[in-house]
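*Asks:* Whatever this is, show me its structure:
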Amino acid sequence: MSRLSRIGLEPVAVLAVFAVMVAAPFMLREYHLELLILFCINAILIASYRVVTTTGDWTLSHVIFMGCGAYSTGILAKYLGWPFWLTVPMSGVATAVIGIMVAFPLLRTKGFGIFIASFAIGEFIRHVWIKFHNPFGGPRGMIGIPTIEIGDIDFYDSINFYFMTLAIAVVCLAILYRLDKSRIGKAWKVIYLDEDLAESIGIHVFNYRAKAFVVAAFFAGIAGALLAHRLEAIDPHNFDIETMVYLIIWIVVGGNATFWGPLAGLAVMTLIFEWARPLHEWRPLLFGGILIMFLTILPGGLERIYEQVRSRFVRGNGGGG
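*Replies:* Here you go, the predicted structure:
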């Protein structure tokens, strides 16, 4: 058996991607470096959204939690003068608290009901941001959010901000990955497969669904905080239903059965989005076509292709042994 087969394909692929992410900023122009920063932020966002979907709860409010984190960090940094190392984690905590308040009424529903109810709750929160100029800035949003300051490091420099964002993304993804492989993560998957079975083996379904919802909200808040510090200005339209639709497309294209599926979907759709940028008004039609194609022809997403490749790889090495 080869050393690669003993180690496994997954860690090798992860290390290869990480090496590319570390080397990439030294070979890219400023515009593409900004795309990489946004990719790291979106990676936290989509990985956290997958946590909710592992219990079978597809919601339309997840991007609103990103907005809660963005507005929280804006208030803490702009009005209270808190440093970055406090604003980002506390924005996650504040968003998790909002997630707790939302979870208890929302998770009383299931299926299509939770889909619609989450949209209604999300729109309510977004219109609070639009209605109140103080402290949210109203429809124009909040401007003048301080950039990150750590010692003498210049975070206006895109490379410095990128590596800081990459480091936070790696930590967040590592935590979410370990959570996915833990007993809690396995309980979420059992709930997705059969709630009655989950209850029969001692899993309190509502409590575990609520835990997934709150964990997802926390990490979405972290992503929003990073976005706010980078843009230095946010408005309610950054977190509207169109942005939420992109999240759903990423996870449908990538698949959500494995941890890496949504991240693959994000990577592929980011490339397609940039390629399709000159198409302007035709882009929604293109993305709608991609969504329909994956829902009908390849319902498992890109991770199905990965599973097929891996199974052939394992069979090939087994046959050679």
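
*Asks:* from here on, contacts and neighbour counts on C-alpha atoms
*Replies:* Fine.

*Asks:* can you pull out the helices in the chain?
*Replies:* Along the chain, counting by DSSP state H, helices occupy 3-7, 9-23, 30-53, 62-74, 84-106, 112-131, 158-181, 183-193, 195-200, 205-231, 241-254, 261-275, 283-296, 302-320.

*Asks:* Name all residues that make contact with Leu38.
*Replies:* Each residue near Leu38 by C-alpha atoms under 8 Å, 6 or more residues apart in numbering is listed here: Leu227.

*Asks:* mind checking how far it is from Val63?
*Replies:* Going from Leu38 to Val63 by C-alpha to C-alpha, to the nearest Å gives 14 Å.

*Asks:* got the contact list for Ile222?
*Replies:* Ile44, Met66, Gly69, Val88, Pro89, Ser91, Gly92.

*Asks:* mind redoing it with 10 Å?
*Replies:* 41, 44-45, 65-70, 73, 87-95, 168-169, 172 (C-alpha atoms under 10 Å, 6 or more residues apart in numbering).

*Asks:* Produce a PyMOL select command limited to the buried residues of these.
*Replies:* Buried residues among the contacts of Ile222 (16 or more other C-alpha atoms under 10 Å), as a PyMOL selection:
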select buried, resi 41+44+45+65+66+67+68+69+70+73+87+88+89+90+91+92+93+94+95+168+169+172
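
*Asks:* rank the helices of the chain by pLDDT, which is bottom?
*Replies:* Ranked by mean pLDDT, these bottom out at helix 3-7, with a mean of 51.

*Asks:* just how off-centre is stretch 174-192 within its chain?
*Replies:* When distances are taken as C-alpha atoms, centre = their mean, to the nearest Å, stretch 174-192 is centred 16 Å away from the chain's centroid.

*Asks:* what does that stretch rub up against?
*Replies:* Counting by C-alpha under 10 Å, 6+ apart, residues outside stretch 174-192 touching it are 44, 47-48, 50-57, 168-171, 173, 193, 195-199, 201-206, 208-209, 211-212, 215-216, 219, 257-260.

*Asks:* and the end-to-end length of it?
*Replies:* By C-alpha to C-alpha, the extent of stretch 174-192 from end to end equals 23 Å.

*Asks:* If you count neighbours, what's buried in it?
*Replies:* Within stretch 174-192, the residues that qualify as buried are Leu176, Tyr177, Asp180, Ile184, Gly185, Ala187, Trp188, Lys189, Val190, Ile191, Tyr192, counting by 16+ other C-alpha under 10 Å.

*Asks:* could I get these as JSON lines with distance to Thr243?
*Replies:* JSON lines is the format used below for these (distance: C-alpha to C-alpha, whole Å):
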{"residue": "Leu176", "distance to Thr243": "22"}
{"residue": "Tyr177", "distance to Thr243": "24"}
{"residue": "Asp180", "distance to Thr243": "25"}
{"residue": "Ile184", "distance to Thr243": "29"}
{"residue": "Gly185", "distance to Thr243": "27"}
{"residue": "Ala187", "distance to Thr243": "30"}
{"residue": "Trp188", "distance to Thr243": "26"}
{"residue": "Lys189", "distance to Thr243": "26"}
{"residue": "Val190", "distance to Thr243": "30"}
{"residue": "Ile191", "distance to Thr243": "28"}
{"residue": "Tyr192", "distance to Thr243": "25"}
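
*Asks:* Just give me the closest of the residues you listed to Pro135.
*Replies:* Leu176 (32.0 Å; C-alpha to C-alpha).

*Asks:* and that closest one, how far is that from Thr258?
*Replies:* For Leu176, the distance to Thr258 - C-alpha to C-alpha - is 12 Å.

*Asks:* In CSV, list the C-alpha atoms belonging to stretch 111-120.
*Replies:* Extracted C-alpha coordinates of stretch 111-120, given in CSV (Å, rounded to 0.1, in the frame of the first residue of the first chain):
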residue,chain,number,x,y,z
GLY,A,111,-39.8,21.9,6.3
PHE,A,112,-41.4,24.6,4.1
GLY,A,113,-42.7,26.3,7.2
ILE,A,114,-39.3,27.0,8.6
PHE,A,115,-38.2,28.2,5.2
ILE,A,116,-40.9,30.8,5.0
ALA,A,117,-40.8,31.8,8.7
SER,A,118,-37.0,32.3,8.6
PHE,A,119,-37.5,34.6,5.6
ALA,A,120,-40.1,36.6,7.5
